[in-house]
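Student: this is a predicted model, with the sequence first.
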Amino acid sequence: MKTKFLHLETEAKPTRFPRLRALLFLLLALLFGVALVIAMTWFVIGSAPRSKAIAVAEDVTVSEFATLPDDDAYPASQAINAAGALYSGSYQSGALWSISPAGEVREIPASREKIGSVSGLDIASDGALYILDRIQPLDARGAVVWRYTDGDLARLFDIRYDDFIGGVLPDDIAVDAEDRIYISDRLGHVLRYSRTGAPLGSGGEPYWWFAPCHQKKCGEVTGIAYDPAADALLIADPANEAIHRVKITDGQPGDRPTVYGGGEQRNEYGFDGISAAPAGDIYIALLNWNRVARVVDGELVMLAKDFRGASDLAYDPARQRLYVSNWNQFSLAFGTTPQLPFAIDVIEFGAESE
C-alpha cells in the first residue's frame with residue numbers, strides 16, 4: 001500500500017497588487033510633475049512684463065503706433081488704404097477698427113455684431129475694405145467674406161467646408177487689380193473668387209494654386225499679398241519655409257519663382273503676414289520668432305524683434321512705414337493673461353535706431 005503525502009505550500013504566492021500600486025503612484029507622480037511644469041509655464045508667461053519691440057537694423061526705428069481699446073482685441077491682420085488709414089480687426093471678437101495716420105482709433109459700427117473672427121484684411125483698387133471672417137476663432141470650418149465701403153458693411157459670400165478636400169482653414173485674403181479675391185487655405189491651397197463669390201479656379205472650382213511638396217511634405221499657405229509691381233500674388237509657405245511670387249493670369253496661375261527659401265534648412269520661422277512695397281520690396285512676419293524681416297536678394301534681413309506675436313504687416317509708401325500687428329496668440333490659445341494693452345507697432349525707415 002502506497003502512502004500518499006500531502007505537500008503543503010509553506011509560502012504564499014506573491015501578489016501583484018503592490019507592483020500595481022507602485023506603478024500607479026509613479027504614473028500619478030509623473031502626471032503631477034507635468035501639470036506642475038505646465039502651471040509654472042502658464043504663470044511665468046502670464047505674469048511676464050510686457051515686451052517691447054526693438055530695431056536690429058541700423059536704418060530703422062520701432063515704436064508703438066496705436067493701442068486698441070479691448071482686452072480681447074487680438075489683432076491678427078491689418079490693411080492700409082491710399083489715404084493712409086490703417087484697418088485692424090479682432091480675431092476674438094470680430095470688431096473692426098480704423099486708425100488714422102496720427103494713431104487715432106475708431107471702431108467701425110456694427111462690426112463686432114456681424115463679424116465672428118477677423119482673420120484677414122485687404123484693400124481693393126476702389127478703396128473698399130475686404131474682410132475674411134473665420135466665424136469661430138479656433139474652430140474654423142469655412143469663412144465669410146465681407147466688404148466695407150462708405151460706412152456700409154455688406155456680406156459678399158460664404159466659403160463652405162469642403163468635404164472632398166477634407167476641410168478648409170481660411171487664413172488670409174488679398175485682392176488684385178481686377179478685384180479678384182484670393183483666400184489662403186492653411187491646408188496648402190489658394191482659392192480665387194470673383195467679387196460676387198463665383199469660383200475662379202480650375203474646372204469651376206475655387207482652387208487656384210497648390211503649394212508644392214518637398215521631400216514628401218506638402219506646403220502650407222498662410223499670409224498672401226498682391227504685388228502690384230509684378231502683378232503677382234506673394235504667398236508665404238511656412239511648412240517649406242518659402243515665399244513664392246505667383247504671376248496672375250486670367251486662367252491658371254503663371255510662373256512661380258521662389259523668392260526665398262524652399263531648401264533643406266529649416267529655422268521654424270513661422271512665416272505669416274506678408275507685404276509688398278511699390279518698388280518691389282517684400283516684408284515678412286516671422287510669427288514663431290516674433291520678428292519682422294525684409295527679403296533682399298533671396299535672403300532674410302532682420303529689421304526688428306521682440307514683438308508680441310508678429311502676425312501681419314501693412315506697408316505705407318507715402319510715409320515709408322511698416323505697420324506690425326501684435327497678435328499675442330499664445331494667450332488666445334492657452335488662456336494666459338495677454339500683455340495688455342493690445343497695440344499696433346510701426347517700423348520707420350531712414351533713421352538710426354536708438
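Tutor: Looks like it arrived, so ask away.
Student: from now on I want contacts and neighbour counts done on CA atoms only, so please keep to that.
Tutor: Will do.
Student: give the next helix or strand downstream of the lowest-mean-pLDDT helix or strand in the chain.
Tutor: Taking mean pLDDT, DSSP states H and E as the measure, the helix or strand of the chain with the lowest value is helix 17-47, at a mean of 62. Using DSSP states H and E, the helix or strand that follows helix 17-47 towards the C-terminus is strand 54-55.
Student: which helices and strands sit right next to that following strand?
Tutor: strand 60-67, strand 299-305 (3 or more CA pairs under 8 Å, 6 or more residues apart in numbering; DSSP states H and E).
Student: need these in a markdown table with distance to P212, mean neighbour count and mean pLDDT, can you?
Tutor: Output for the helices and strands packed on strand 54-55, formatted as a markdown table (distance: least, CA to CA, whole Å; neighbours: other CA atoms under 10 Å; pLDDT from 0 to 100):
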| stretch | distance to P212 | mean neighbour count | mean pLDDT |
| --- | --- | --- | --- |
| strand 60-67 | 34 | 18 | 97 |
| strand 299-305 | 20 | 17 | 97 |
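Student: could you redo these as CSV and give each row distance to S111?
Tutor: Converted to CSV, the helices and strands packed on strand 54-55 look like this (distance: least, CA to CA, whole Å):
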stretch, distance to S111
strand 60-67, 18
strand 299-305, 32
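Student: which among those is found nearest to A174?
Tutor: Among the helices and strands packed on strand 54-55, strand 299-305 comes nearest to A174, with 23.0 Å by CA to CA.
Student: quick one: mean pLDDT for the next helix or strand after the closest one?
Tutor: Going down the chain from strand 299-305, the next helix or strand is strand 310-316, by DSSP H and E. The pLDDT scores in strand 310-316 average 98.
Student: in PDB, list the C-alpha atoms belonging to strand 310-316.
Tutor: Output in PDB follows, covering the C-alpha atoms of strand 310-316 (Å, rounded to 0.1, in the frame of the first residue of the first chain):
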ATOM      1  CA  ALA A 310       4.100  89.500 -35.200                       C
ATOM      2  CA  SER A 311       1.300  88.200 -37.400                       C
ATOM      3  CA  ASP A 312       0.600  90.700 -40.100                       C
ATOM      4  CA  LEU A 313       2.200  93.600 -41.900                       C
ATOM      5  CA  ALA A 314       1.000  96.700 -43.900                       C
ATOM      6  CA  TYR A 315       3.300  99.000 -45.800                       C
ATOM      7  CA  ASP A 316       2.500 102.700 -46.100                       C
END
